[in-house]
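>>> got a predicted model here, sequence first, then my questions.
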Amino acid sequence: MTVDPSGPILLVIDTATSRVVVARGDLDGQLGDQTSWAAGYRHGETLLPSLEHLLEPVGGRSAIGAIVVGTGPGAFTGLRVGIATAKGLAHGLGCPVVGISTGAALLDAASVGAAGATVPAGRLVLLLPAGPSDRVVVRDGLAPELLPGGRDPELAPDELMVAVDLDGRAPADALERGRAAHDGLAAAHLRLGASRLAHGERDDLERLVPDYVTLPRGVTTATGEVAWSRDRP
């Protein structure tokens, strides 16, 4: 299906993994265009110019009708920049924003195989990094679980592992599934975000917070938000 370039745009921003993903589609969740790059620690320098380039063919920021942003699990630097950018755009444009778990979107993408074959998301176990030694386990419909270094996830006989950003720290077949899932991340965000919007859902800008797997030294979480520990009583 072709996306109408004259219609309102559903914008996707995900900065939870080692590769930033931005995409545009229509409000029905059909993918129009996307781009992805390894940001390192330069999210603040690269994100806005890339968004402007993505939106230029459809008229710029004024074409945005709604925004989908990945909420993690992910590292502090990338998520902070991505979610702040999504909130700033939504506030400035007065458009709705919906936060979608990056873990849920990766599981959704991984469940769609080649030639239309599918694997139920409930059979997939997503593994993400949490610092140099720990990892995070994500299962469909469950909260992420921290897996300390040295421990491997316990898999049921019918479960398949999907590993993202874990080269050398996960089996080769799991890494291959992870690469395929990341390739489909933008499309999954569009599907999941469009579904929420179609049901009249939108997130409050103040309550939309990231799911960090690691925080910089001196930073702690309190009541769902990030707070500097030196400022806490």
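Noted; the coordinates are in hand. Numbers count the residues shown, from 1 in each chain.
>>> need the contact list for R139.
122, 124-126, 145 (C-beta atoms under 8 Å, 6 or more residues apart in numbering). Heads up, the C-betas are built off the backbone N, CA and C, glycines and all.
>>> go again with 7 Å.
V125 (C-beta atoms under 7 Å, 6 or more residues apart in numbering).
>>> T118 versus that one, what's the distance?
17 Å (C-beta to C-beta, to the nearest Å).
>>> and for L11?
From L11 to T118 the distance is 27 Å (C-beta to C-beta).
>>> strands along the protein, start to end?
9-14, 19-26, 31-38, 64-70, 74-75, 97-100, 124-130, 134-139, 145-147, 160-163, 212-214, 219-222, 225-228 (DSSP state E).
>>> tell me the strands beside the shortest one, with direction?
The strands beside strand 74-75 in its sheet (DSSP bridges) come out as strand 212-214 (parallel).
>>> hmm, who's touching the strand it pairs with?
Contacts of strand 212-214 (C-beta under 7 Å, 6+ apart): 72-76, 79, 128, 130-131, 136.
>>> if you rank those by neighbours, which is first?
G74 (29 neighbours; other C-beta atoms under 10 Å).
>>> count the neighbours of the closest residue to that residue other than its chain neighbours for me.
Nearest non-adjacent residue to G74, counting by C-beta to C-beta, 6 or more residues apart in numbering: A16, 3.0 Å away. When neighbours are counted by other C-beta under 10 Å, A16 registers 32.
>>> before we move on, what about the one 10 residues further on?
The number of residues packed near D26 is 20, by other C-beta under 10 Å.
>>> what's the answer for L10, then?
The burial count for L10: 29, using other C-beta under 10 Å.
>>> what score does it have for pLDDT?
For L10, the pLDDT comes out at 98.
>>> pull up the gap between it and G65, please.
6 Å.
>>> so what's in contact with the two at the same time?
L27.
>>> verify the contact between L166 and P129 for me.
Yes: L166 is within contact range of P129, at 5.7 Å (criterion: C-beta atoms under 7 Å).
>>> and for these two, which residues touch both?
Shared contacts of L166 and P129, counting by C-beta under 7 Å, 6+ apart, come down to R135.
>>> between the two, which is the more surrounded one?
P129 (23 against 16).
>>> any idea what the more buried one is bridged to?
Here P129, judged by DSSP bridges, has bridge partners R135.
>>> neighbour count winner among L11 and T118?
Neighbour tally, L11 and T118, criterion other C-beta under 10 Å: the higher count belongs to L11, 29 against 9.
>>> ok, the more buried one - contacts?
24, 64, 67.
>>> quick one: it from S50, how far?
From L11 to S50 the distance is 12 Å (C-beta to C-beta).
>>> A186 too?
13 Å.
>>> check V138 too.
In terms of C-beta to C-beta, V138 sits 26 Å off from S50.
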